[in-house]
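Colleague: what's the 3D shape of this:
(one chain, ligands or ions: 1)
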Amino acid sequence: MTTNSKHHEVLKRVTSKGVFPYQWAFTLLLPIRNLIFSPQQLIKRIGLKEDYTVLELGPGPGYFSIPVARKLKTGKLHLADIQQEMLDYAKKRCDKRKLTNIEYHLCNGKTLDFEDHAFDIIFMVTVIGEVENKEDYIREFYRILKPNGILSITELAGDPDKITVDELKSMIGKYPFSFLEQFGSNKNFTLNFTK
Ligand SMILES: C[S@@+](CC[C@H](N)C(=O)[O-])C[C@H]1O[C@@H](n2cnc3c(N)ncnc32)[C@H](O)[C@@H]1O
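Modeller: Now for the predicted structure:
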């Protein structure tokens, strides 16, 4: 394959369904994203407290991870992604900012290698739509979330994998989560569930 056709292939993956290619991770760091959904909005929506243990699924290069880790003064942030390159990128950015309260986990796409009831919050932004085995993951979210913990899922317009509010509610509704609240419009939204 020539370099040009390789670039074409990667570009096609950005605009079509499937795992977001790590080669385009830099686009996830553009400050213009703040106009649509900022890390500060996320922190409010998930009700983050300083001592929480938090899982971010699919952090990519860590656009939301850095402000979240900074807010966790005594807590801990776990980043879990299916692409090692994304974890490496996020780690490089977090290390540069001397954030020491973060652990990095490579996902196998089916199970989440954490203890039962490990997390106060599990959150993800523009991730669930591209997860291949959604049902397996949702079962795992339930297992690893603490009782009364928050599962927070954000989906944003423009993502080719975006799923709708109704699709998400019906998917999560198959498990014993309770729906808590919706933030934003049906175009750009966060849904919070609890257990
Ligand atoms: C569109 S990017 C979003 C990154 C970040 N949440 C943000 O908004 O900047 C989706 C991320 O989810 C990850 N991902 C996709 N499928 C996954 C899976 N099954 N398990 C864990 N991470 C996954 C991708 O590798 C990528 O880092």
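
Colleague: And the longest strand seen in the chain, what's buried?
Modeller: If you go by DSSP state E, the chain has its longest strand at strand 145-155. By 16 or more other C-beta atoms under 10 Å, the buried positions in strand 145-155 come out as 145-146, 149-155. No exception for glycine: its C-beta is placed from N, CA and C like everyone else's.

Colleague: Just send those residues back as TSV, with pLDDT and distance to residue 87 too.
Modeller: Shown next, in TSV, are those (pLDDT from 0 to 100; distance: C-beta to C-beta, whole Å):
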residue	pLDDT	distance to residue 87
145	98	22
146	98	24
149	98	23
150	98	23
151	98	22
152	98	21
153	98	20
154	98	20
155	98	22
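
Colleague: What's opposite the residue nearest to the spatial centre of the chain in the beta bridge?
Modeller: Centroid check for the chain by C-alpha atoms, centre = their mean gives residue 124 as the closest residue, at 2.4 Å. In this entry, residue 124 is beta-bridged to residue 153, by DSSP bridges.

Colleague: contacting residues around it?
Modeller: Counting by C-beta atoms under 8 Å, 6 or more residues apart in numbering, residue 124 makes contact with 56-58, 152-154.

Colleague: now it: how far from residue 63?
Modeller: 12 Å (C-beta to C-beta, to the nearest Å).

Colleague: Please apply the same query to residue 108.
Modeller: On the measure of C-beta to C-beta, residue 108 and residue 63 end up 24 Å apart.

Colleague: Looking at these two, which is more packed in?
Modeller: Between residue 108 and residue 63, residue 63 has the larger neighbour count (other C-beta atoms under 10 Å), namely 22 against 10.

Colleague: Please confirm that the more buried one is located within a helix.
Modeller: No - counting by DSSP: H, G, I helix; E, B strand; the rest coil, residue 63 falls outside a helix, being coil.

Colleague: quick one on the thing from earlier: ok, residues contacting the longest strand of the chain?
Modeller: By C-beta under 8 Å, 6+ apart, strand 145-155 touches 37, 42, 45-47, 117-126, 128-129, 141, 162-163, 168, 172, 177, 180, 188-195.

Colleague: Next: stretch 57-67.
Modeller: The contact list for stretch 57-67, computed with C-beta under 8 Å, 6+ apart, reads 20, 25-26, 28-29, 33, 39-40, 42-43, 56, 77, 79-82, 86-87, 89-90, 93-94, 97, 99, 102, 107, 112, 122-127, 130-131, 137.
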